[in-house]
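A.B. asks: Here is a sequence with its predicted model. Questions after.
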Amino acid sequence: MYDFTFIKYRQLLETFYAYGWELTSVNHYNKNADKFVILRHDVDRFPNQTLQMAKLEKSINVQSTYYFRITKNVFKESVIKQVINYGHDIGYHYEDLAKHHGNTEVAIKSFEINLNKIRNYYPVNSICMHGSPTSIYDNKKLWEKYNYKSFGIVLDTSIDIDYKSVFYISDNGFGWNRTSTSIRDKIDYGEKIAIKSTDHLINLIKNNELPQKIMLNAHPDTFFNPGFKWVLNYSFINSKNVIKWIVIKTGIIK
């Protein structure tokens, strides 16, 4: 019954490793390597889930990259410091254009301020767009006017990774690559492979039915241990999925 638990996530990583994939962070992946999984985590809601995931990865000697929003409930100093202590990279999960209703001049100032806030703890050199599914503004369009590299950023996950050769897998909407309820967390080109569940994904790995180069975006707030909190989170995400499905079907947000 229970999918998207930390038990399942550990099994997934261990299967990737057992079948020859190198598990690496966004900041340290080698695009010329033959077989890798880039581990990316967008921290959207629950910092405590982030700590649990970061600790799990440390226990199996895996390094990944965590992208933090600068919001009151997410940007917790103690959590960020502990994730860094576990050996992981930190990045900025930016949403400045949506927060400032499309005002690019205010948004770029906000971006710089927020980037410096997180750089107080870690030398951030990669960024990741937050989807902001309730906003009509696509955050990465800020870079149509400005250049993030002028802020010392080397990589934006939406722009600087070649998804024609790197297969993208995301847990958005409590399903792997569930495009029916994903507004912006999806890739419009590259190989299409249906993934029914984490167990199915594990079987695809074992049967050599996945591309050799992968980015796995696992949101820490998707994963709970089996029990009451898992049920609450499952209900919450499914409620969001209904709203996202309506938004997609009506074309309100593109």
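C.D. replies: Nice, thanks for sending it over. Numbering: from 1, shown residues only.
A.B. asks: Chain neighbours aside, what residue packs nearest to Arg40?
C.D. replies: Of all residues not flanking Arg40 in the chain, Asn217 sits nearest, at 4.8 Å (C-beta to C-beta, 6 or more residues apart in numbering). Yep, even glycine has a C-beta here, placed from its N, CA and C like the rest.
A.B. asks: Torsion angles phi and psi at the one you found?
C.D. replies: phi -100, psi 100 (degrees, to the nearest 10).
A.B. asks: Quick one: residues contacting it.
C.D. replies: Going by C-beta atoms under 8 Å, 6 or more residues apart in numbering, Asn217 touches 40-42, 168-172, 185.
A.B. asks: what would the residues you listed look like in JSON lines with pLDDT, distance to Lys141 and secondary structure?
C.D. replies: Below are these laid out as JSON lines (pLDDT from 0 to 100; distance: C-beta to C-beta, whole Å; DSSP: H, G, I helix; E, B strand; the rest coil):
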{"residue": "Arg40", "pLDDT": "97", "distance to Lys141": "21", "secondary structure": "strand"}
{"residue": "His41", "pLDDT": "98", "distance to Lys141": "24", "secondary structure": "strand"}
{"residue": "Asp42", "pLDDT": "96", "distance to Lys141": "18", "secondary structure": "strand"}
{"residue": "Tyr168", "pLDDT": "94", "distance to Lys141": "20", "secondary structure": "strand"}
{"residue": "Ile169", "pLDDT": "94", "distance to Lys141": "24", "secondary structure": "strand"}
{"residue": "Ser170", "pLDDT": "93", "distance to Lys141": "20", "secondary structure": "strand"}
{"residue": "Asp171", "pLDDT": "91", "distance to Lys141": "25", "secondary structure": "coil"}
{"residue": "Asn172", "pLDDT": "83", "distance to Lys141": "20", "secondary structure": "coil"}
{"residue": "Asp185", "pLDDT": "60", "distance to Lys141": "16", "secondary structure": "coil"}
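A.B. asks: most neighbours, which of those residues?
C.D. replies: Neighbour counts for those, by other C-beta atoms under 10 Å, peak at His41, which reaches 31 neighbours.
A.B. asks: which regions of the stretch 1-150 of the chain sit below the pLDDT cut-off?
C.D. replies: Filtered on pLDDT under 70, the stretch 1-150 of the chain yields the residue ranges 1.
A.B. asks: ok, 90 please
C.D. replies: Scanning the stretch 1-150 of the chain with the threshold set as pLDDT under 90 gives 1-2, 45-48, 131-135.
A.B. asks: So which residues of it form helices?
C.D. replies: Assigned by DSSP state H, counting those that start in this stretch, the helices in the stretch 1-150 of the chain fall at 6-18, 47-59, 77-85, 96-99, 104-119.
A.B. asks: for those, which one ends up most surrounded?
C.D. replies: Looking across these with neighbours counted as mean count of other C-beta atoms under 10 Å, the highest average goes to helix 96-99: a mean of 24.
A.B. asks: Show me what that one is packed up against.
C.D. replies: Other helices and strands packing on helix 96-99, by 3 or more C-beta pairs under 8 Å, 6 or more residues apart in numbering; DSSP states H and E, are helix 104-119.
A.B. asks: Quick one: closest of the helices of the stretch 1-150 of the chain to Phe151.
C.D. replies: Closest approach to Phe151 among the helices of the stretch 1-150 of the chain (C-beta to C-beta): helix 104-119, 6.1 Å.
A.B. asks: Contacts for that closest one next, please.
C.D. replies: By C-beta under 8 Å, 6+ apart, helix 104-119 touches 68, 70, 75, 80, 90-92, 94, 96-97, 99-100, 124, 127, 142, 145-146, 151, 153.
A.B. asks: Could you write me a PyMOL select line covering just the buried ones among these?
C.D. replies: In PyMOL, selecting the buried portion of those, with burial taken from 16 or more other C-beta atoms under 10 Å, looks like this:
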select buried, resi 68+70+75+80+90+91+92+94+96+97+99+100+124+127+142+151+153
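A.B. asks: The contacts of helix 104-119 in strands, which ones?
C.D. replies: Secondary structure defined by DSSP state E assigns 68, 90-92, 94, 127 of the contacts of helix 104-119 to strands.
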